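1. pasted the sequence and its predicted model underneath.
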Amino acid sequence: MKLPGKILLTLLLVLLLIVVTLYVLLQTQWGAGWVSRAVTQHTNYQLAFSKLEHNFSDPAQLILNDVSFGRKAAPALLAARHVTLTLSSAQFTEPHHFAAIQLEEGTLRVTDNGAPLPFAADRLQLIKMSVNRLQGELPLVAQQVNGGIVPWQPVAGDVIGTDASFQMSAELLELNGIPARNVFLQGRISKQQLVMSNVGADVALGSITASAQRDAQGTWQVANLRLNSIRLQTSDSLSGFFSPLRRLPPVHFDRIDVTGARLEGADWAVTDLNLALKDLTLRNGEWESDEGSLSMNARSFVNGSLQLNDPILNMTFSPEGVSLTQFSSRWVNGLIRTSGKWNRSDKKLTLDELAIAGIEYTLPLNWRERWMKPLPEWLSAVEITRFEANRNLIIDINPAFPFQMTALDGSGKNLLLARQRQWGIWSGNLRFNAAEATFNRVDMRHPSVALTADDNTINVTEMSAFIQAGMVESLATVSQQPQRALSLTLQGHEVPVNLLQNWGWPEVPLSDKGELRLKITGSLAAETAMKPTVNGILSVSSDEKSLEQRLQAGQLVSAP
């Protein structure tokens with residue numbers, strides 16, 4: 001019995017020696033190379049590490065140094081200075097499932113082609129890692145990432161898994177080209193439902209905090225989004241800046257708050273913006289709301305040649321449309337104020353009132369082209385129930401026919417200024433007058449115009465002004481049909497006999513002052529020159545001399 005016992009003891013000692021030898025060798029560069037080659041040769045992955053460490057004070061932990069791991073013939077998914085694997089009894093049935101995996105000081109590359117690593121763990125810990133996701137709709141680069149995922153069970157297309165809690169922080173993060181610092185994320189994912197209970201970051205010299213969740217169908221609900229002291233510059237136009245909103249998945253905002261923001265883009269800017277938006281859904285590029293609201297103010301807003309100072313905007317949303325409870329702003333040294341509503345069904349904007357006071361406005365050179373240009377799809381008609389204008393200065397510097405009106409006052413009722421997406425004066429009453437005016441080098445005092453419009457005709461019931469020591473009075477009608485047939489009569493008393501020359505009529509071979517009687521017809525059709533359509537008669541008398549001129553198709557056909 002002694003001999004078999006000695007043999008068994010010898011075998012145990014030899015086995016123990018082999019185990020100790022393997023244990024020691026595995027913690028050398030030779031052992032690390034042997035394990036790396038074995039994994040690379042017998043799996044679809046390639047592994048490299050410089051050293052394996054183990055300490056009997058913590059026997060369940062294995063530490064791999066200078067690790068590189070990934071799929072064969074592809075960039076490495078993981079590169080880390082240290083990878084700590086904590087073993088558990090589950091290793092016997094699930095060799096790839098660990099109690100914990102800790103990644104330190106390296107880079108983790110996330111892909112949409114499957115799980116980024118073929119492992120799982122009760123806890124994944126990241127310490128000073130970089131996380132890169134360079135493909136997909138939202139490219140992401142994060143540096144100095146610290147955090148954890150519990151449990152970590154990645155599946156194809158989802159690096160976090162389908163049921164896990166997570167908490168992450170990153171010193172630097174760039175999401176879809178937008179940089180952020182000091183980022184913090186906390187939340188949970190459960191069966192394709194994602195809850196972001198706490199999100200915070202320093203962005204564009206300001207800060208962002210939010211909480212949101214996404215359901216299994218991909219619809220987001222943002223409980224709150226706060227942006228404070230944002231300073232953002234972009235090369236996008238104003239429409240380009242908002243265009244990403246049209247590509248968002250369905251999202252409902254319970255509340256958005258913006259304070260002290262400054263935004264600047266291509267030919268537009270807004271300073272000291274404060275905004276509160278409640279209960280609004282964006283879906284397929286359109287908005288929906290039951291009882292939403294928007295309150296907004298800023299120090300200034302610039303878009304091209306338009307500059308608004310101290311604008312204030314308050315509106316409410318409903319399924320029927322938008323109620324504009326208040327809009328006011330200082331504009332070109334004056335004030336503009338209005339309120340009204342926009343109806344979703346017919347896309348009509350109705351302003352209950354529009355008041356303009358004290359503005360000093362120079363019309364853009366292409367204002368006539370803008371007037372003829374169709375309105376956007378969302379705006380079919382514009383109606384002003386009550387219009388008031390006081391002490392305004394309007395200037396047109398177009399060299400073909402410049403004009404200026406000083407101390408311009410006006411009033412109007414039920415003015416339909418656009419229909420079927422086309423500007424015009426389609427119905428209503430309008431009256432305006434000025435202290436002084438100049439029309440193509442003809443000076444006037446107290447010009448006054450009154451008109452009424454309906455579906456068929458614009459009737460100018462009064463058009464008068466004082467010119468030097470005399471006075472002119474005129475009446476006109478303009479058809480609302482596309483040909484815009486014009487009929488006009490004018491009488492002048494003690495006015496320069498060549499008064500009409502600067503307005504396109506041929507020169508009259510008389511001088512000084514006299515009496516004028518003019519009657520013309522023509523067409524104001526769009527994109528058609530007016531002069532070739534004009535037919536008319538001008539009668540002039542001065543110092544017992546008189547003459548009559550006839551115009552046909554814009555050309556003088558008879559003269560004394």
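-> The structure has been received and is ready for your questions.

2. contacting residues for the residue nearest to Gln481 when sequence neighbours are not counted?
-> Closest residue to Gln481 apart from its sequence neighbours, by C-beta to C-beta, 6 or more residues apart in numbering: Asn456 at 7.9 Å. Every residue, glycine included, has its C-beta placed from N, CA and C. For Asn456, the contacting residues are 479-481, by C-beta atoms under 8 Å, 6 or more residues apart in numbering.

3. for Ile230, which non-adjacent residue is closest in space?
-> Per C-beta to C-beta, 6+ apart, closest to Ile230 is Gly206, 3.9 Å.

4. now the helices for the stretch 51-200 of the chain?
-> Assigned by DSSP state H, counting those that start in this stretch, the stretch 51-200 of the chain shows no helices.

5. what about the strands in it?
-> Per DSSP state E, counting those that start in this stretch, the stretch 51-200 of the chain has strands spanning 51-53, 61-71, 78-86, 97-98, 100-109, 120-121, 124-133, 140-150, 163-175, 178-190, 193-203. These are given in chain order.

6. mean neighbour count and mean pLDDT for these - can I get that in TSV?
-> Shown next, in TSV, are these (neighbours: other C-beta atoms under 10 Å; pLDDT from 0 to 100):
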stretch	mean neighbour count	mean pLDDT
strand 51-53	16	82
strand 61-71	18	88
strand 78-86	19	91
strand 97-98	20	88
strand 100-109	19	93
strand 120-121	22	90
strand 124-133	20	92
strand 140-150	18	93
strand 163-175	18	92
strand 178-190	17	92
strand 193-203	17	93
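
7. export these as CSV, with columns for distance to Trp287.
-> Supplementary listing: the strands of the stretch 51-200 of the chain in CSV, determined by distance: least, C-beta to C-beta, whole Å:
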stretch, distance to Trp287
strand 51-53, 58
strand 61-71, 44
strand 78-86, 43
strand 97-98, 47
strand 100-109, 38
strand 120-121, 42
strand 124-133, 30
strand 140-150, 28
strand 163-175, 24
strand 178-190, 23
strand 193-203, 23
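
8. so for Met372, which of those strands sits nearest?
-> Nearest of these to Met372, taken as C-beta to C-beta: strand 178-190 at 39.7 Å.

9. need the residues that contact the closest one.
-> Taking C-beta under 8 Å, 6+ apart as the rule, strand 178-190 contacts 142, 147, 158, 160-174, 194-203, 208.

10. now with 7 Å?
-> Contacts of strand 178-190 with the rest of the structure, by C-beta atoms under 7 Å, 6 or more residues apart in numbering, involve 160-173, 194-203.

11. got it, and stretch 338-350?
-> Stretch 338-350 has contacts (C-beta under 7 Å, 6+ apart) with 320-327, 351-354, 378-383, 385.

12. again, but for stretch 142-152
-> Applying C-beta under 7 Å, 6+ apart, the external contacts of stretch 142-152 come out as 120-131, 160-161, 164-173.

13. returning to what we had before: Gly554: which of the contacts of Asn456 is nearest?
-> Taking C-beta to C-beta as the measure, Gly554 sits nearest to Ser479 out of the contacts of Asn456, at 19.0 Å.

14. surely the closest one meets Asn459?
-> No - using C-beta atoms under 7 Å, Ser479 makes no contact with Asn459, being 10.8 Å away.

15. quick check: bridge partners of Ile467?
-> Taking DSSP bridges as the rule, Ile467 bridges to Gly470.

16. now it: how far from Gly504?
-> 17 Å (C-beta to C-beta, to the nearest Å).

17. Val472 now?
-> Val472 is 15 Å from Gly504, where distance means C-beta to C-beta.

18. on that earlier part again, I figured the residue nearest to Ile230 hits Val258, correct?
-> No - using C-beta under 7 Å, Gly206 is not in contact with Val258; the gap is 9.5 Å.

19. where does the stretch 351-500 of the chain have low pLDDT?
-> Along the stretch 351-500 of the chain, the model assigns pLDDT under 70 to no residue.

20. element containing Gly33?
-> Using DSSP states H and E, Gly33 sits in helix 29-42.

21. picking up where we left off before, just the buried members of the contacts of stretch 338-350?
-> Among the contacts of stretch 338-350, those scoring as buried are 321-322, 324, 327, 351, 354, 380-383 (criterion: 16 or more other C-beta atoms under 10 Å).

22. before we move on, back to that, which one of the contacts of Asn456 is nearest to Tyr361?
-> Of all the contacts of Asn456, Tyr361 sits closest to Gln480, with 27.1 Å by C-beta to C-beta.

23. neighbours of the closest one, how many?
-> 17 (other C-beta atoms under 10 Å).

24. ok, back up a step: out of the contacts of Asn456, the closest to Ser229 would be?
-> Closest approach to Ser229 among the contacts of Asn456 (C-beta to C-beta): Gln480, at 52.2 Å.

25. thought that closest one was touching Asn459?
-> No - look at Gln480 against Asn459 with C-beta under 7 Å: they stay out of range, at 10.8 Å.

26. quick one: Arg123 and His97 touch, right?
-> No - judged on C-beta under 7 Å, Arg123 makes no contact with His97 at a distance of 11.6 Å.

27. can you list residues touching both of these two?
-> Common neighbours of Arg123 and His97, counting by C-beta under 7 Å, 6+ apart, are absent.

28. mind listing what the nearest residue to Pro402 once chain neighbours are set aside touches?
-> Leaving aside its sequence neighbours, Pro402 sits nearest to Asp396 (C-beta to C-beta, 6+ apart; 5.6 Å). Residues near Asp396 by C-beta under 7 Å, 6+ apart: 363, 402-403.

29. what does Leu205 give?
-> For Leu205, the contact set (C-beta under 7 Å, 6+ apart) comprises 229, 231.

30. again, 8 Å this time
-> 229-231.

31. among those, which one sits closest to Gln102?
-> Closest approach to Gln102 among these (C-beta to C-beta): Ile230, at 35.9 Å.

32. ok, that closest one - how many residues close by?
-> By the criterion of other C-beta under 10 Å, Ile230 has 18 neighbours.

33. what's the answer for Ala435, then?
-> Number of residues near Ala435 (other C-beta under 10 Å) recorded here: 14.

34. quick one: end-to-end length of stretch 460-478, please.
-> End-to-end distance for stretch 460-478, by C-alpha to C-alpha, to the nearest Å: 8 Å.

35. residues of it that come out buried?
-> In terms of neighbour count (16+ other C-beta under 10 Å), stretch 460-478 has its buried residues at 460, 463-467, 470-472, 474, 476-478.

36. turn these into JSON lines, columns for distance to Gln135.
-> Below are the buried residues of stretch 460-478 laid out as JSON lines (distance: C-beta to C-beta, whole Å):
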{"residue": "Val460", "distance to Gln135": "65"}
{"residue": "Met463", "distance to Gln135": "68"}
{"residue": "Ser464", "distance to Gln135": "72"}
{"residue": "Ala465", "distance to Gln135": "70"}
{"residue": "Phe466", "distance to Gln135": "75"}
{"residue": "Ile467", "distance to Gln135": "74"}
{"residue": "Gly470", "distance to Gln135": "79"}
{"residue": "Met471", "distance to Gln135": "77"}
{"residue": "Val472", "distance to Gln135": "73"}
{"residue": "Ser474", "distance to Gln135": "70"}
{"residue": "Ala476", "distance to Gln135": "66"}
{"residue": "Thr477", "distance to Gln135": "66"}
{"residue": "Val478", "distance to Gln135": "61"}
